[in-house]
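Asks: Sequence and predicted structure below; questions after.
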Amino acid sequence: MLLPPHGKQCFYENLKKNDELAISFQVGSRDPNNAEQFTIDFHIVSPSNKVELSKNGLDHGDESIKASMDGKYQYCFSNERSSRVDLDVSFNVHGVIYIDVNDPKSDTLDYAISRLNQLTSDVKAEQNYLVIRERTHRNTAESTNSRVKWWSLFQIIVVALNSLFQIYFLKRFFEVRSVV
């Protein structure tokens, strides 16, 4: 998801009481020349509009809550404090669904298929998360390599100038001067 400057995006999950909502996310930039680590604000709001979790200044996170009531839970990513750059936020929604053992539907083929579908979605989301993470680390490595290259070039120039100065100074030092 691309989060613009001063932007905020919210998503919803319908949870039942005792379900666990777990969200992992990472913030990056799509600009390959940018190695800076950006931060966002993250919060989760319950169906009764009570803030369940609120964290500021995160560049990545693994946050989870346990649903205290049935309803639509909202989780939001916010870039409202920054006006500099679009942020690339990759996130995965995991959850532990509370299963009543007395429910006759929990041992059906439909349940097994939906569980397999959920696990496949989790794997896909994890792969997307790793792609963003790899992109961020690659940008950092390329920026570092560029800085090392320019610093090495600067050092070579300084050493060459120092060598030329020493040659000049030593020639002058050993020059024979006659006094007339």
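Replies: The structure has been received and is ready for your questions. Numbering: from 1, shown residues only.

Asks: all helices of this protein, in order?
Replies: All helices of the chain, identified by DSSP state H, fall at 109-173.

Asks: lowest-pLDDT helix or strand in it?
Replies: strand 87-96 (a mean of 80; mean pLDDT, DSSP states H and E).

Asks: and that strand with helix 109-173, angle?
Replies: Counting by axes from the mean of the first three to the mean of the last three CA atoms, to 10 degrees, strand 87-96 points 140 degrees away from the direction of helix 109-173.

Asks: Quick one: residues in contact with strand 87-96.
Replies: By CB atoms under 8 Å, 6 or more residues apart in numbering, the residues outside strand 87-96 that reach it are 1-3, 9, 11, 13, 15, 19-30, 38, 40, 64, 77, 79, 122, 125-126, 128-129, 131-133, 135. (C-beta placed from N, C-alpha, C; glycine too.)

Asks: Filter the residues you listed down to the buried ones.
Replies: The neighbour count (16 or more other CB atoms under 10 Å) marks 3, 13, 15, 19, 21, 23-29, 38, 40, 77, 79, 125, 129, 132, 135 as buried among the contacts of strand 87-96.

Asks: Among those residues, which are located in strands?
Replies: 3, 13, 15, 21, 23-28, 40, 77 (DSSP state E).

Asks: May I see the residues you listed organised as JSON lines, with pLDDT added?
Replies: Formatted as JSON lines, these follow (pLDDT from 0 to 100):
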{"residue": "Leu3", "pLDDT": "82"}
{"residue": "Glu13", "pLDDT": "88"}
{"residue": "Leu15", "pLDDT": "87"}
{"residue": "Leu21", "pLDDT": "88"}
{"residue": "Ile23", "pLDDT": "89"}
{"residue": "Ser24", "pLDDT": "87"}
{"residue": "Phe25", "pLDDT": "88"}
{"residue": "Gln26", "pLDDT": "86"}
{"residue": "Val27", "pLDDT": "86"}
{"residue": "Gly28", "pLDDT": "80"}
{"residue": "Ile40", "pLDDT": "89"}
{"residue": "Phe77", "pLDDT": "93"}
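
Asks: Now flag whichever of those is closest to Ile167.
Replies: Gly28 (50.0 Å; CB to CB).
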